[in-house]
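Enquirer: next input, structure requested:
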Amino acid sequence: MIGLSTSWLTEREGITAKHMLGEMVDLGFRGVEMEYRVTETMYREMRPLILKGKLNVMSIHNFFPLPDDIPLSRASGDRFLLSSPEKEARSLAIRMTTRTIECAEDCGATAVVLHLGKVDMEREHKRLEDLFNHQRLGSPEGRHFLEGKLKERRETRGPYLESIFFSLDRLNREAEKRGILLGVENRYYYDQIPDFEEIGLIMERFSGGSIGYWHDVGHAHALEKLGFLEPGSLLRSYAPFSIGVHIHDAIGMDDHRAPGTGEIDFMSLTDGLRCAPIKILEVHKKSDRLQLMRGKDMLKKIGIV
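Expert: Numbers count the residues shown, from 1 in each chain. Have a look, this model is predicted:
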């Protein structure tokens with residue numbers, strides 16, 4: 001089974017909880033990932049329908065639900081930082097994640113997807129995109145930029161990694177108590193945690209616990225295109241630790257498209273994606289209903305779901 005993330009609907013103006021769930025059921029989905037754009041009011045309206053079995057909540061994306069006093073434009077999986085070296089900020093991120101874990105238990109979800117945070121360094125993404133768009137990543141200028149950023153990240157990451165280990169230690173205990181899995185998601189920007197090596201460090205440290213790997217196809221594609229990852233390396237190395245995947249397509253850096261509307265070769269990813277217990281279509285409103293359903297059918301045809 002493949003579920004659909006609420007991200008396809010929550011950005012639409014005037015959307016109601018009843019309409020959101022009804023649309024998913026009409027499209028033939030029986031599984032859903034609830035994500036951080038779902039407000040407290042929406043969740044209260046959805047909960048009785050979910051508990052009646054209208055949809056199976058497969059996963060919840062931290063931080064959930066969005067407090068009603070925070071505007072939708074400020075909703076983010078990075079709103080609170082589990083990586084913060086500052087005790088107060090880190091404690092708030094842990095509390096908000098614990099709240100998400102409690103919601104996951106309440107509605108019968110299997111897993112919570114986590115953004116871990118970032119290394120505090122200048123994110124020169126615009127310059128990186130310019131190098132990519134002008135095909136200069138392989139030039140001396142491009143290589144110097146990439147190597148410099150990776151060096152800066154390595155030299156700066158220490159306290160942020162320690163904060164993440166601290167946060168995950170506490171969250172792992174909470175998740176084990178409630179029977180919830182925690183999926184550490186690979187990220188889109190080079191300053192974000194975890195990178196390739198850090199995923200391995202986390203999997204080793206929490207082996208036997210409730211923490212696993214959550215693979216995002218579009219994020220991996222972006223960092224591969226930019227030269228930060230070898231193509232396919234994340235799935236080759238970490239598929240055995242995978243508890244779930246976010247599936248979407250991309251053109252260059254533009255991701256969250258319906259599968260089959262971009263440039264990702266899903267055939268080459270079939271084995272790695274198939275073994276993930278939870279599969280979620282994380283498509284945004286840039287793709288329409290027909291594209292979404294064609295993408296779902298394509299994934300079924302090639303054996304991913």
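Enquirer: and D249, what are its phi and psi?
Expert: Backbone torsions for D249, taken as degrees, to the nearest 10, come to phi -100, psi 170.
Enquirer: what ranges do the helices span in the chain?
Expert: Using DSSP state H, the helices assigned to the chain run over residues 17-26, 40-51, 87-107, 125-133, 140-156, 158-178, 196-205, 217-225, 233-238, 270-274, 289-301.
Enquirer: now those helices as a markdown table including mean neighbour count and distance to G252?
Expert: (Each C-beta comes from the backbone N, C-alpha and C, glycine too.) As requested, the helices of the chain are arranged in a markdown table below (neighbours: other C-beta atoms under 10 Å; distance: least, C-beta to C-beta, whole Å):
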| stretch | mean neighbour count | distance to G252 |
| --- | --- | --- |
| helix 17-26 | 16 | 29 |
| helix 40-51 | 16 | 33 |
| helix 87-107 | 18 | 31 |
| helix 125-133 | 15 | 7 |
| helix 140-156 | 14 | 16 |
| helix 158-178 | 17 | 28 |
| helix 196-205 | 16 | 21 |
| helix 217-225 | 22 | 7 |
| helix 233-238 | 18 | 19 |
| helix 270-274 | 17 | 21 |
| helix 289-301 | 16 | 18 |
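Enquirer: those helices: which one's closest to L72?
Expert: Taking C-beta to C-beta as the measure, the helices of the chain were each checked against L72, and helix 40-51 came out nearest at 10.4 Å.
Enquirer: mean confidence for the closest one?
Expert: Summarised as a single mean, pLDDT over helix 40-51 is 91.
Enquirer: which other helices and strands does it contact?
Expert: Packing partners of helix 40-51 (3 or more C-beta pairs under 8 Å, 6 or more residues apart in numbering; DSSP states H and E): helix 17-26, helix 87-107.
Enquirer: lowest-confidence stretch among those helices?
Expert: Of all these, the minimum mean pLDDT falls on helix 17-26 (a mean of 90).
Enquirer: show me what it is packed up against.
Expert: For helix 17-26, the elements it packs on are helix 40-51, judged by 3+ C-beta pairs under 8 Å, 6+ apart.
Enquirer: follow-up on the earlier one: dump the helices and strands packed on helix 40-51 into TSV; add distance to S167 as well.
Expert: Formatted as TSV, the entries for these read as follows, by distance: least, C-beta to C-beta, whole Å:
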stretch	distance to S167
helix 17-26	30
helix 87-107	5
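Enquirer: return the residues in contact with S210.
Expert: Contacts for S210 (C-beta atoms under 8 Å, 6 or more residues apart in numbering) come out as 172, 175-176, 180-182.
Enquirer: any chance of JSON lines for those, columns distance to D255 and pLDDT?
Expert: Compiled in JSON lines, the contacts of S210 are given as follows (distance: C-beta to C-beta, whole Å; pLDDT from 0 to 100):
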{"residue": "N172", "distance to D255": "29", "pLDDT": "98"}
{"residue": "A175", "distance to D255": "28", "pLDDT": "98"}
{"residue": "E176", "distance to D255": "32", "pLDDT": "98"}
{"residue": "I180", "distance to D255": "27", "pLDDT": "98"}
{"residue": "L181", "distance to D255": "24", "pLDDT": "98"}
{"residue": "L182", "distance to D255": "23", "pLDDT": "98"}
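Enquirer: now, which of these sits nearest G148?
Expert: So of those, ranked by how close each gets to G148 (C-beta to C-beta), first place is L182, at 33.0 Å.
Enquirer: quickly list what the closest one is bridged to.
Expert: Judged by DSSP bridges, the bridge partners of L182 are V112, I211.
Enquirer: is it true that it touches M203?
Expert: No: using C-beta atoms under 8 Å, L182 is not in contact with M203; the gap is 11.7 Å.
Enquirer: spit out the residues that contact those two alike.
Expert: In terms of C-beta under 8 Å, 6+ apart, L182 and M203 are both contacted by the residues 211-212.
Enquirer: picking up where we left off before, turn the helices of the chain into a markdown table, including distance to M1.
Expert: As requested, the helices of the chain are exported to a markdown table (distance: least, C-beta to C-beta, whole Å):
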| stretch | distance to M1 |
| --- | --- |
| helix 17-26 | 13 |
| helix 40-51 | 16 |
| helix 87-107 | 17 |
| helix 125-133 | 35 |
| helix 140-156 | 38 |
| helix 158-178 | 23 |
| helix 196-205 | 25 |
| helix 217-225 | 18 |
| helix 233-238 | 20 |
| helix 270-274 | 13 |
| helix 289-301 | 11 |
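Enquirer: closest one to K118 among those?
Expert: Each of the helices of the chain was scored for nearness to K118 using C-beta to C-beta, and the closest is helix 158-178 (7.1 Å).
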